[in-house]
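Participant: Kindly return the folded structure for what I paste below:
(one chain, ligands or ions: 2)
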Amino acid sequence: MTLVAGVDSSTQSCKVVVCDADTGEVQRSAALPHPEGSEVDPAAWWTAWEGASAGLLDGVAALSVAGQQHGMVALDAEGASVRPALLWNDTRSAPQAAELIDELGGAGEWAQAVGTVPVASLTVTKLRWLAEHEPGPAGRTERVMLPHDWLTWCLTGRGEAVTDRGDASGTGYWSPATGEYRTDLLERAFGRTLEVPRVVPSPAVVGETATGIQVAPGTGDNMAAALGLQLQPGDVVVSLGTSGVVFAISEAPSADPTGIIAGFADATHRFLPLVCTMNCARVLGAAATMLGTDLTGLSDLALAARPGADGLTLLPYLDGERTPNLPTATGTLVGLTRQSMTPENLARAAVEGMLCGLTDGLDALRASGVRVDRVLLTGGAAQSPAVRAIAPLLFGVPVSAPPTAEYVALGAARQAAWAATGHLPEWPREDQPCTGGQDTVDSPAPGDSGVRSRYAEARLARHGL
Ligand SMILES: Nc1ncnc2c1ncn2[C@@H]1O[C@H](COP(=O)(O)OP(=O)(O)O)[C@@H](O)[C@H]1O
Ligand SMILES: O=C(CO)[C@@H](O)[C@H](O)COP(=O)(O)O
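Facilitator: Ligands and ions are numbered 1, 2, ... in the order given. So this is what the prediction gives:
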């Protein structure tokens, strides 16, 4: 049996799976947490990787790293970090995003140039923030990498830095349509040129670990999830992790001037139109804490409430929001009455509110021409029975849950298998349909319990959009 390993260095943790390259069957796995916060010393990712992979890699032929997208790892001439990495969910560079949009002549110009309209998440805006706010570290910066690039670089002995088209497409200075860096945009943002990793197409071996394991180029976490889930035409993924994301594979690049859809590349030769919200699984965690329960208790409470939570609506923008672009927003709870103000309704409103933004994302993808036959529900919060029951009511299309697994890490492992053997293996999987369960009894039709319209009204009233 040829063994391959996949790594998901995500916002909250580092997960490692080792599996059979032919079947994808997981042989061993482990995970360790990352530090809290939206700026993190990259060394913490290395520590988590070393701990999680310890004792796991015997006999592994090849590995690949997938990582949280967009994070700015700024390095000096010696390869040391000039400051902690700014992560995708750090919103401080929102004013710089607005500046850059204005300077280039508007959102449409950016969508045409790099497929994505800058928001604070994108690396290019973080570079502008660094140049404007921290002249010392900015002056020492010689090169910039993404989290997965940096881990791959460390694993292969800190020689030439490489990346892939999927992760490069989230920087704001690489064009999915042309497959080239837009160094002019990087220079516009930072004020001068910086060294960037070489973009390597798959399949490829880009180096070896100190123990002789072949290393594949790796990719962004969402691109790896697409590889791990082996998407078919008509499949749309809704991933419920720290971020909430909705994406599908596309044969053509996208350029959405509204900024709702990010026009990323995937980890093969195709494209990955994607909508990302910043407030997802952690909304459920915060709601559970507020209600003095755990995630199981929150799910039970939500399922004990009626669809629509008796009119209680949560705009879950607890950490600011990216889609819609409301970086300084806070959460809003509307519709409190003596009847609605129950723990059950609060729990239900948290699940419904979290899913409403993603339902809007699904609509945006559909409106852009993406075929939506079914939704595949994945990520940590997809394990919640309440989420599995409520998602089909809101999405209005068949929803399936693939077997619980780390699909980002599995996608990275599949890329490693591709690198080691030269072909992309097919790995068998049986998905389970999600139904509205008891909720279908109370809910006249999918999405028809007023949830989405009340969410839209509350957003308009509070944020004017
Ligand atoms: N049963 C569950 N119900 C709701 N949320 C869950 C459940 N299990 C895990 N989560 C949440 O999922 C999140 C982790 O998901 P994951 O996809 O690994 O995120 P990330 O990739 O962003 O680190 C955590 O916030 C965790 O609390
Ligand atoms: O910014 C995006 C996508 O554009 C996020 O999806 C990050 O890639 C972080 O992912 P998770 O850690 O939440 O999986």
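
Participant: Please make it C-alpha for all contacts and neighbour counts, starting now.
Facilitator: OK.

Participant: Could you count how many residues lie near the closest residue to ligand 1 within the stretch 1-150 of the chain?
Facilitator: Residue nearest to ligand 1 within the stretch 1-150 of the chain: Gln12 (3.9 Å; CA to the nearest ligand atom). Other residues within reach of Gln12, judged by other CA atoms under 10 Å, total 15.

Participant: Looking at the nearest residue in space to it that is not next to it in sequence now. What's its pLDDT?
Facilitator: Distance criterion CA to CA, 6 or more residues apart in numbering; nearest residue to Gln12, sequence neighbours excluded, is His34 at 5.1 Å. His34 carries a pLDDT value of 98.

Participant: And Asp442, by the same measure?
Facilitator: 45.

Participant: hey, which helix is longest across the protein?
Facilitator: Secondary structure of the chain per DSSP state H: the longest helix is helix 343-367.

Participant: Show me what that one is packed against.
Facilitator: strand 244-247, strand 271-277, helix 281-290, helix 295-304, strand 313-315, helix 385-395, helix 451-463 (3 or more CA pairs under 8 Å, 6 or more residues apart in numbering; DSSP states H and E).

Participant: Now do stretch 205-221: distance from first to last residue.
Facilitator: 19 Å (CA to CA, to the nearest Å).

Participant: how about that stretch, does it get close to ligand 1?
Facilitator: No: judged by CA under 6 Å from any ligand atom, stretch 205-221 and ligand 1 are separated, with a smallest distance of 7.9 Å.

Participant: Next, see if that stretch gets close to ligand 2.
Facilitator: Yes: under the criterion of CA under 6 Å from any ligand atom, ligand 2 is reached by stretch 205-221 at Asp221.

Participant: picking that back up, what's the angle between the longest helix of the chain and strand 271-277?
Facilitator: On the basis of axes from the mean of the first three to the mean of the last three CA atoms, to 10 degrees, helix 343-367 is oriented at 150 degrees to strand 271-277.

Participant: How far off centre is helix 343-367?
Facilitator: 17 Å (CA atoms, centre = their mean, to the nearest Å).

Participant: average pLDDT for it?
Facilitator: 98.

Participant: Repeat that for stretch 150-168.
Facilitator: The model assigns stretch 150-168 a mean pLDDT of 98.

Participant: Quick check: buried residues in that stretch?
Facilitator: 150-153, 155-156, 161-168 (16 or more other CA atoms under 10 Å).

Participant: same check, this time on stretch 229-246
Facilitator: 229-230, 235-246.

Participant: Kindly report the same for stretch 399-407.
Facilitator: 399-402, 406-407.

Participant: so which of those comes closest to Ala416?
Facilitator: Of all the buried residues of stretch 399-407, Tyr407 has the smallest distance to Ala416: 13.8 Å, by CA to CA.

Participant: ok now do that closest one, which residues does it touch?
Facilitator: Tyr407 is in contact with 224-225, 228-229, 378, counting by CA atoms under 8 Å, 6 or more residues apart in numbering.

Participant: Most neighbours among those residues, please name it.
Facilitator: Ala224 (33 neighbours).

Participant: SS state for it?
Facilitator: Assigned with DSSP: H, G, I helix; E, B strand; the rest coil, Ala224 falls in the helix class.

Participant: Next one: it from Val65, what distance?
Facilitator: Where Val65 is concerned, Ala224 sits at a distance of 9 Å (CA to CA).

Participant: residues from the chain in reach of ligand 1?
Facilitator: Checking the chain against ligand 1 by CA under 6 Å from any ligand atom, the hits are 10-13, 240-243, 281-282, 285, 295, 379-381, 383-384.

Participant: Secondary structure class of the spatially most distant residue from the centre of the chain, three-state.
Facilitator: Largest separation from the mean C-alpha position in the chain: Arg338, at 38.0 Å (CA atoms, centre = their mean). For Arg338, the assignment made with three-state DSSP gives coil.

Participant: Look up phi and psi at it.
Facilitator: Backbone torsions of Arg338, given as degrees, to the nearest 10, read phi -60, psi -30.

Participant: what about the residue nearest to Gln12, distance to ligand 2?
Facilitator: 10 Å (CA to the nearest ligand atom, to the nearest Å).

Participant: Pro253 too?
Facilitator: Taking CA to the nearest ligand atom, one finds Pro253 at 16 Å from ligand 2.

Participant: That residue contacts Ala113, correct?
Facilitator: No: using CA atoms under 8 Å, Pro253 makes no contact with Ala113, being 11.3 Å away.

Participant: which residues does Val199 bridge with?
Facilitator: Beta bridges link Val199 to Thr163, judged by DSSP bridges.

Participant: That one: what's it in contact with?
Facilitator: 162-165, 168.

Participant: Looking at those, spot the one nearest ligand 2.
Facilitator: Looking across these and measuring by CA to the nearest ligand atom, the closest to ligand 2 is Ala168, at 11.4 Å.

Participant: excluding its backbone neighbours, what's nearest the closest one?
Facilitator: Going by CA to CA, 6+ apart, Ala168 has Trp174 as its nearest residue, at 5.9 Å.

Participant: For the one you found, which residues are in contact?
Facilitator: Counted by CA under 8 Å, 6+ apart, Trp174 has contacts 114, 168, 180-183.

Participant: what's the answer for Thr219, then?
Facilitator: Contacts of Thr219 by CA under 8 Å, 6+ apart are 65-67, 148, 163-167, 267, 412.

Participant: Could you report the distance from Gly335 to Ala456?
Facilitator: Taken as CA to CA, the span from Gly335 to Ala456 is 13 Å.

Participant: go on, Thr11?
Facilitator: For Thr11, the distance to Ala456 - CA to CA - is 29 Å.

Participant: Which one's more surrounded, those two?
Facilitator: Thr11 (25 against 17).

Participant: Excluding covalently adjacent residues, which one is nearest to the more buried one?
Facilitator: Using CA to CA, 6+ apart, the closest residue to Thr11 is Gln68 (6.1 Å).

Participant: Let me know how buried the one you found is, in neighbour terms.
Facilitator: 22.

Participant: my guess is it meets Pro147, correct?
Facilitator: Yes: with contact defined as CA under 8 Å, Gln68 reaches Pro147; the gap is 6.7 Å.

Participant: overlap in contacts of the two?
Facilitator: Joint contacts of Gln68 and Pro147 (CA under 8 Å, 6+ apart) are Ser9.

Participant: tell me which of the contacts of Tyr407 is nearest to Arg462?
Facilitator: Using CA to CA, the contacts of Tyr407 come closest to Arg462 at Thr378, 30.4 Å.

Participant: is the closest one in a bridge, and if so with what?
Facilitator: According to DSSP bridges, beta-bridge pairing links Thr378 with Ser239.
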